[in-house]
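Student: would you be able to build a 3D model of this:
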Amino acid sequence: MKHLALRLAAAALAPLAVLNPHTAQCAPAPAPLTQLDHISIQSVGKGPTIVLIPGLASPRAVWDGVVPDLAKTHRVLVVQVNGFGGDDPRANLKPGILEGIVAEIDGFIATNKLGRASVIGHSMGGLVGMMLAHAHPGDVEKLMIVDSLPYFAVLMAPPGIDPTPAMVAPQAARMRDGVAANYGKLLSDDAVAAQTRGLAIKPDSIVTMTAWARAADARVTGQAMYEDLTTDLRPVLGTITTPMTLLYPWNAGGPTKPMADAFYRKQYAAAPNIRYVDIGDAAHMVMLDQPAAFKAAVLTFVAGK
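Tutor: Numbering: from 1, shown residues only. Next comes the predicted model:
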């Protein structure tokens, strides 16, 4: 379990210290693109709605491996958090990022009369997906959570201690401020490699993920990380009746499949309507490490099989 906790902690926190906001820029997204205060939403395809929410410091390009197939039969709303992917941070330099994302996704669905959507969120995006399903259950037909937890801060607590947001907040604030202090700084390749270790295991995945991390605004990432670490959905997890699928990775270097199985089932034990899908030989950036298996799992989820 120690190796699992270390990997998950890295997945949640490690990229945050390496972000540099102006060293890379993503190409402009094709139209139509709706720009809001906290997010932008790219709409692709026609049909029933799917919402894709990326994780901390990740651009919408994290979903490139699945969007073309999904767009053949669905309207796919690909979210990007302002400040990630080289975007202007807009309202995300102030507190309220996660709640702002939830409100703007809900508002977009309501304004465009899209009805109930299939929602897929990775890491922080998985937490946002659960927040959306809790606050606006009418928006979410079903939810896929990709390597995320109802409360990330369980990874920071000593064994036997059940952390609360109040307990975690001082440390989370120091981490937020340390991350934000990297804004505008170009860190060495060695520093980047050290901080992102464990998030991906395939060489090409590491290269891609590192470029994304460098393109993010460290001020936004620090604040979003703070909110992630101080948002505890465990008390309401049992009330989220939306069908959920939890997809999680494992690998021979740790966590192994038995370790991962036990850990994730414990964290989601209170969820009343959940199924579990695992993908081996992958780390947190499972869609990069195992793109074919990840796409197959996503298409199966969308098809309701």
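Student: Ala252 contacts Asp281, doesn't it?
Tutor: Yes - counting by CB atoms under 8 Å, Asp281 is a contact partner of Ala252 at 7.4 Å. The way it works is simple: take the backbone N, C-alpha and C, and place the C-beta from them, glycine included.
Student: please say which of these two ends up with more neighbours.
Tutor: Neighbours per residue (other CB atoms under 10 Å) separate Ala252 from Asp281, with Asp281 holding more: 15 against 10.
Student: check what pLDDT the residue lying closest to that one once chain neighbours are set aside gets.
Tutor: Using CB to CB, 6 or more residues apart in numbering and skipping residues adjacent in sequence, the residue nearest Asp281 is Asn251, 5.4 Å away. At Asn251, the pLDDT value in this model is 97.
Student: who touches Asn251 in this structure?
Tutor: Neighbour list for Asn251: Ile201, Gly280, Asp281, Ala282, Ala283 [criterion: CB atoms under 8 Å, 6 or more residues apart in numbering].
Student: so what's the third one up against?
Tutor: Right, Asp281. Asp281 makes contact with Ile201, Asn251, Ala252, Asp289, Gln290 under the criterion CB under 8 Å, 6+ apart.
Student: for it, give its distance to Val76.
Tutor: According to CB to CB, to the nearest Å, Asp281 stands 27 Å off from Val76.
Student: in the stretch 1-150 of the chain, which spans are strands?
Tutor: 33-35, 39-44, 49-53, 75-81, 117-122, 140-146 (DSSP state E, counting those that start in this stretch).
Student: what packs against the last one?
Tutor: Looking back up the chat, that one is strand 140-146. Under the contact criterion of 3 or more CB pairs under 8 Å, 6 or more residues apart in numbering; DSSP states H and E, strand 140-146 touches strand 117-122, helix 124-135, strand 244-250, helix 291-303.
Student: now, of the ones you listed, which is deepest in the fold?
Tutor: Of those, the one with the most neighbours on average (mean count of other CB atoms under 10 Å) is strand 117-122, at a mean of 26.
Student: who are the packing partners of that one?
Tutor: Contact partners of strand 117-122 among helices and strands, from 3+ CB pairs under 8 Å, 6+ apart: strand 49-53, helix 124-135, strand 140-146, helix 291-303.
Student: three-state assignment of the residue sitting furthest away from the middle of the chain?
Tutor: Farthest-out residue of the chain from its mean C-alpha position, per CA atoms, centre = their mean: Gly160, at 26.9 Å. Of the three states, Gly160 takes coil according to DSSP: H, G, I helix; E, B strand; the rest coil.
Student: give me the pLDDT for it.
Tutor: Looking at Gly160, the pLDDT reads 88.
Student: could you do His22 as well?
Tutor: 36.
Student: got it, and the one 3 residues further on?
Tutor: Gln25 is assigned a pLDDT of 44 by the prediction.
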